[in-house]
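Novice: sequence and predicted structure, then a few things I'm wondering about:
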Amino acid sequence: MECESDLYEIFPGVTEAAMARCCSFFRLPGRTLYPGLADCPCRGCSLDDVTHARDVLGDILAALAPRPQAELGRHIARIDAQLLRRTLPDPRAAGHPWRREAWWRMRLYDGVADPPRRLP
């Protein structure tokens, strides 16, 4: 599926890379975690932002056949539970019209006053 996608952010190996990024984020010390923006916007480096990695996993999930979709969906559900439990909601998110996106994008970021929206 990764090889057949027309989306720029989907490339061979991206599912594994996005899952690995999420797992490494949850291994960080501390009870509360703050997602950080990627230093580089290229499709590989952008996975440094765990919320972008979650976006990519959602795009992949939507393109899969039912059986692999269910399997990946179970992994994503565990990622979502961790993100919800270990990150904090951004109280300003509801006031931004462009922030009405996926809930994982409406979390407090590390050192960012107003995180950018999802890349098109």
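Specialist: All right, it came through fine. This structure is a prediction, so every number in the text was calculated from the model and none was measured. Numbering: from 1, shown residues only.

Novice: what is the helix or strand of the chain with the lowest mean pLDDT packed up against?
Specialist: Within the chain, no helix or strand scores below helix 50-63, which has a mean of 95 by mean pLDDT, DSSP states H and E. Packing contacts for helix 50-63, counted by 3 or more CB pairs under 8 Å, 6 or more residues apart in numbering; DSSP states H and E, involve helix 14-26, helix 66-86. (Glycine included, C-beta is placed from N, CA and C.)

Novice: ranking those helices by burial, who's on top?
Specialist: Stretch with highest mean neighbour count among those: helix 14-26 (a mean of 18; mean count of other CB atoms under 10 Å).

Novice: which strands and helices sit next to that one?
Specialist: If you count contacts as 3+ CB pairs under 8 Å, 6+ apart, helix 14-26 packs onto helix 50-63, helix 66-86.

Novice: for this protein, which spans come out with low pLDDT?
Specialist: 1, 95-100, 112-120 (pLDDT under 70).

Novice: quick revisit: turn the helices and strands packed on helix 14-26 into TSV, columns for distance to residue 17.
Specialist: Formatted as TSV, these follow (distance: least, CB to CB, whole Å):
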stretch	distance to residue 17
helix 50-63	8
helix 66-86	14
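
Novice: can you tell which of those helices is closest to residue 7?
Specialist: When those are compared by CB to CB, helix 50-63 sits nearest residue 7, at 6.1 Å.

Novice: and that closest one with helix 14-26, angle?
Specialist: Interaxial angle, helix 50-63 versus helix 14-26 (axes from the mean of the first three to the mean of the last three CA atoms, to 10 degrees): 140 degrees.

Novice: only alpha carbons, please: show helix 50-63 as PDB.
Specialist: Output of helix 50-63 as PDB, limited to C-alpha atoms (Å, rounded to 0.1, in the frame of the first residue of the first chain):
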ATOM      1  CA  VAL A  50       4.500  12.600  17.000                       C
ATOM      2  CA  THR A  51       1.200  14.300  16.000                       C
ATOM      3  CA  HIS A  52       2.300  14.200  12.300                       C
ATOM      4  CA  ALA A  53       3.200  10.500  12.800                       C
ATOM      5  CA  ARG A  54      -0.300   9.900  14.000                       C
ATOM      6  CA  ASP A  55      -1.700  11.800  11.000                       C
ATOM      7  CA  VAL A  56       0.300   9.500   8.700                       C
ATOM      8  CA  LEU A  57      -1.000   6.400  10.500                       C
ATOM      9  CA  GLY A  58      -4.500   7.600  10.000                       C
ATOM     10  CA  ASP A  59      -4.000   8.100   6.300                       C
ATOM     11  CA  ILE A  60      -2.500   4.600   6.000                       C
ATOM     12  CA  LEU A  61      -5.400   3.200   8.000                       C
ATOM     13  CA  ALA A  62      -8.000   4.700   5.700                       C
ATOM     14  CA  ALA A  63      -6.300   3.100   2.600                       C
END
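
Novice: lovely, talk soon.
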